[in-house]
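1. No letters, just coordinates:
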């Protein structure tokens with residue numbers, strides 16, 4: 001097969017892609033210099049293969065990522081520690097907008113409920129462990145001196161979170177200002193330690209306390 005001049009120029013220049021004189025049979029132009037195959041056709045084949053067995057693909061990706069989990073987590077912590085206040089605000093806003101876009105594309109709360117149900121079915125052990133851990137921590141950090149009015153105020157916080165979720169179209173959480181399981185300090189499950197914030201901020205905050 002005659003080599004194209006575009007390929008030879010790309011190879012000599014050390015480029016990863018090139019545009020041949022003639023497109024492929026589907027009309028695509030961009031090709032890989034290493035294999036001389038059409039990049040768009042290869043992407044289409046890969047998408048079809050993944051779609052044919054999505055569960056197998058997901059399982060493989062989870063296995064690949066699990067081996068690098070500690071390394072990725074350490075890198076993420078390093079990046080977060082170096083963030084400025086402006087960068088953190090921009091990141092949270094970007095995550096919030098992505099959440100809104102996902103909700104809009106997935107027909108609202110019905111699809112979210114389906115996604116959550118599917119996750120719970122795929123990860124029953126993890127869901128049970130997280131639930132037990134959370135309940136245990138909450139019970140251990142709930143003081144015995146709380147009055148009925150205190151419990152009513154905490155119920156109101158959860159109702160407010162549900163109301164805001166319905167009004168704004170994205171999830172709001174009841175967060176403990178001082179985490180129940182912080183590394184340096186642990187707070188109590190009391191009304192004065194609760195705040196209603198967007199879910200994406202709560203997830204990002206995790207068990208950290210800004211003043212700890």
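-> Yep, it's here. Note that the coordinates shown come from a computational prediction; the quantities given were computed from them, not determined experimentally.

2. Mind splitting this protein into its structural domains?
-> 5-49, 109-205 (automatic domain parsing).

3. got the ones you listed as a markdown table, with mean neighbour count and mean pLDDT columns?
-> C-betas here are computed from N, CA, C, even on glycine. Output for the domains of the chain, formatted as a markdown table (neighbours: other Cβ atoms under 10 Å; pLDDT from 0 to 100):
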| stretch | mean neighbour count | mean pLDDT |
| --- | --- | --- |
| domain 5-49 | 13 | 88 |
| domain 109-205 | 14 | 80 |
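
4. tell me the strands in the chain, going along the chain?
-> 17-18, 31-32, 172-176, 194-198 (DSSP state E).

5. Nearest to residue 114 among the ones you listed would be which one?
-> Proximity to residue 114 (Cβ to Cβ) singles out strand 172-176 among the strands of the chain, at 20.5 Å.

6. Can you give the contact residues for the closest one?
-> Applying Cβ atoms under 8 Å, 6 or more residues apart in numbering, the contact partners of strand 172-176 are 157-158, 160-162, 164-165, 187, 189, 193-199, 201-203, 205.

7. Go again with 10 Å.
-> Applying Cβ atoms under 10 Å, 6 or more residues apart in numbering, the contact partners of strand 172-176 are 137-138, 141, 154, 156-166, 182, 186-190, 193-203, 205, 207, 209.

8. Restricted to helices, list those residues.
-> 137-138, 154, 156-166, 199-203, 205 (DSSP state H).

9. can you tell me which residue is nearest the centre of the chain?
-> Geometric centre of the chain, nearest residue: residue 95, 8.5 Å, by Cα atoms, centre = their mean.

10. Any figure for the gap between that one and residue 33?
-> From residue 95 across to residue 33, the span is 36 Å (Cβ to Cβ, to the nearest Å).

11. Repeat that for residue 8.
-> For residue 8, the distance to residue 33 equals 10 Å [Cβ to Cβ].

12. Mutual contacts of these two, please.
-> Among the neighbours of residue 8, those also in contact with residue 33 (Cβ under 10 Å, 6+ apart) are residue 18.

13. Now do the same contact list for residue 44.
-> 26, 28, 38.

14. one step back: which one of the domains of the chain lies closest to residue 64?
-> That would be, of the domains of the chain and by Cβ to Cβ, domain 5-49, which comes in at 15.4 Å.
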